[in-house]
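Q: With the sequence up front, the predicted model follows.
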Amino acid sequence: MIESFDMLYKRLLNLEKRLEKYYKKIYIENELDFVMNGTYILKDELDKILDGSYILGGSDGEN
């Protein structure tokens, strides 16, 4: 019984660490957080994404 409690406690601690890690990845306090996470999108790119004309991996006119 104690062994299973210890095992569950370790799993809970592991899940807590993983949740904290994911929270740090998605936490956004200001615009700098987007830049630091590598998720910053310029307004021109966002407009292209929204209207369906964004091309992944290149700019206009490039293949």
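A: Received it, and whenever you're ready, just let me know what you need. Numbering: from 1, shown residues only.
Q: now the worst-scoring helix or strand of the chain on mean pLDDT, how far from the chain's geometric center?
A: Taking mean pLDDT, DSSP states H and E as the measure, the helices and strands of the chain show their lowest mean at helix 31-37, namely a mean of 77. If you compare the mean C-alpha spot of helix 31-37 with that of the full chain, they lie 11 Å apart, counting by CA atoms, centre = their mean, to the nearest Å.
Q: now do stretch 6-19
A: A distance of 22 Å separates the centroid of the chain from that of stretch 6-19, by CA atoms, centre = their mean.
Q: mind checking pLDDT for residue 59?
A: Looking at residue 59, its pLDDT is 54.
Q: Which helix or strand contains residue 4?
A: helix 2-26 (DSSP states H and E).
Q: For that helix, the averaged confidence score.
A: Taken as a whole, helix 2-26 has an average pLDDT of 89.
Q: Repeat that for stretch 41-55.
A: Rounded mean pLDDT across stretch 41-55 is 86.
Q: any idea how far residue 12 is from residue 3?
A: Distance of residue 12 to residue 3, given as CB to CB, to the nearest Å: 15 Å. All C-beta atoms are positioned from the backbone trio N, CA, C, and that covers glycine.
Q: If you count surrounding residues, which of those two has more?
A: More crowded of residue 12 and residue 3, by other CB atoms under 10 Å: residue 12, with 10 against 7.
Q: Using PDB, write out every CA atom in stretch 14-33.
A: The C-alpha trace of stretch 14-33 is given here as PDB (Å, rounded to 0.1, in the frame of the first residue of the first chain):
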ATOM      1  CA  ASN A  14       6.300  14.500 -12.400                       C
ATOM      2  CA  LEU A  15       3.000  15.800 -13.800                       C
ATOM      3  CA  GLU A  16       3.400  19.000 -11.700                       C
ATOM      4  CA  LYS A  17       6.800  19.600 -13.200                       C
ATOM      5  CA  ARG A  18       5.600  19.000 -16.800                       C
ATOM      6  CA  LEU A  19       2.600  21.300 -16.200                       C
ATOM      7  CA  GLU A  20       4.800  24.000 -15.000                       C
ATOM      8  CA  LYS A  21       7.100  23.600 -18.000                       C
ATOM      9  CA  TYR A  22       4.200  23.800 -20.400                       C
ATOM     10  CA  TYR A  23       2.800  26.800 -18.600                       C
ATOM     11  CA  LYS A  24       6.100  28.700 -18.900                       C
ATOM     12  CA  LYS A  25       6.100  28.000 -22.700                       C
ATOM     13  CA  ILE A  26       2.600  29.400 -23.200                       C
ATOM     14  CA  TYR A  27       2.600  32.200 -20.600                       C
ATOM     15  CA  ILE A  28       2.500  35.600 -22.300                       C
ATOM     16  CA  GLU A  29       2.800  38.700 -20.300                       C
ATOM     17  CA  ASN A  30       3.800  41.200 -23.000                       C
ATOM     18  CA  GLU A  31       5.000  41.400 -26.600                       C
ATOM     19  CA  LEU A  32       8.600  40.500 -25.600                       C
ATOM     20  CA  ASP A  33       7.400  37.100 -24.500                       C
END
